[in-house]
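# using only what follows, build the 3D model:
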Amino acid sequence: MELQGKRIAVLVDLSYQEMEVWYPLYRFQEAGAEVVTVGPAAGQTIPSKLGYPVKADRAYSEVSPAHFDGVLCPGGWAPDYIRRSDAAIRFVSDLGQQGKLLAAICHGPWVLCSADAIRGRRVTCFHAIKTDVINAGGLYEDAEVVVDGHVVTSRKPEDLPAFMRACIAVARR
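Just a heads-up that it's a prediction; the model follows:
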């Protein structure tokens with residue numbers, strides 16, 4: 001159990017990409033981490049892009065970086081909703097300032113952009129938000145997974161195996 005004793009937040013909001021929430025959630029659990037879904041309101045059931053539900057364990061406003069070892073920002077359209085929450089952005093920013101795992105896939109780096117967590121860092125993302133990443137100071141690379149310190153990014157669902165190997169390695173530190 002590589003991540004025994006670690007606690008990872010998975011951010012969830014409207015129109016999340018199914019594989020980019022559930023695959024990481026189960027992989028973190030398999031590695032021994034406690035996974036907490038965090039969304040707009042505790043107990044809220046949130047539909048994915050295809051309607052598949054996830055229940056938020058905690059609200060953005062209820063979580064503290066002191067109680068987590070990292071965060072996962074999935075793709076889909078959820079990041080556009082997540083980044084509208086000051087509490088969510090503060091949470092991600094504070095985790096980043098503490099050097100804890102910041103993992104984002106597909107459109108997830110939008111959240112890292114809003115949290116000013118990628119300035120000067122090597123990152124990747126879904127090609128449609130490449131300009132946003134560059135404008136936020138990220139050093140864009142078109143790669144399956146990019147690790148820069150505690151920041152792990154990937155482009156799309158097909159990258160999930162490499163992304164999760166990197167996430168687990170960084171969270172293990």
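
# and residue 21, how many neighbours?
The criterion is other C-beta atoms under 10 Å. On that basis, residue 21 has 24 neighbouring residues. Placement of C-beta: from N, CA and C, glycine included.

# repeat for residue 158
Each residue near residue 158 was counted by other C-beta under 10 Å, and the total is 11.

# residue 142 too?
Residue neighbour count, defined by other C-beta under 10 Å, stands at 10 for residue 142.

# correct me, but it touches residue 155?
Yes. Counting by C-beta atoms under 8 Å, residue 142 sits close enough to residue 155 to count as a contact (7.5 Å).

# shared neighbours, those two?
124, 127 (C-beta atoms under 8 Å, 6 or more residues apart in numbering).

# how close does residue 46 sit to residue 155?
Separation of residue 46 from residue 155 (C-beta to C-beta, to the nearest Å): 23 Å.

# number of nearby residues for residue 53?
Residues near residue 53, counting by other C-beta under 10 Å, number 10.

# now the phi/psi pair for it, please.
Residue 53 adopts backbone torsions of phi -90, psi 150, taken as degrees, to the nearest 10.

# how about residue 91?
Backbone phi and psi, for residue 91 under degrees, to the nearest 10, turn out to be phi -60, psi -50.

# show me the contacts for it.
For residue 91, the set of contacting residues under the criterion of C-beta under 8 Å, 6+ apart consists of 9, 38, 60, 63-65, 71.

# same check on residue 136?
112-113, 116, 118-119 are the contacts of residue 136 under C-beta under 8 Å, 6+ apart.

# are any of these buried, and if so which?
Members of those that pass the buried threshold by neighbour count (16 or more other C-beta atoms under 10 Å) are listed as 112-113, 118.

# just these: which are in helices?
Within the buried ones among the contacts of residue 136, membership in helices is found for 112-113, as judged by DSSP state H.
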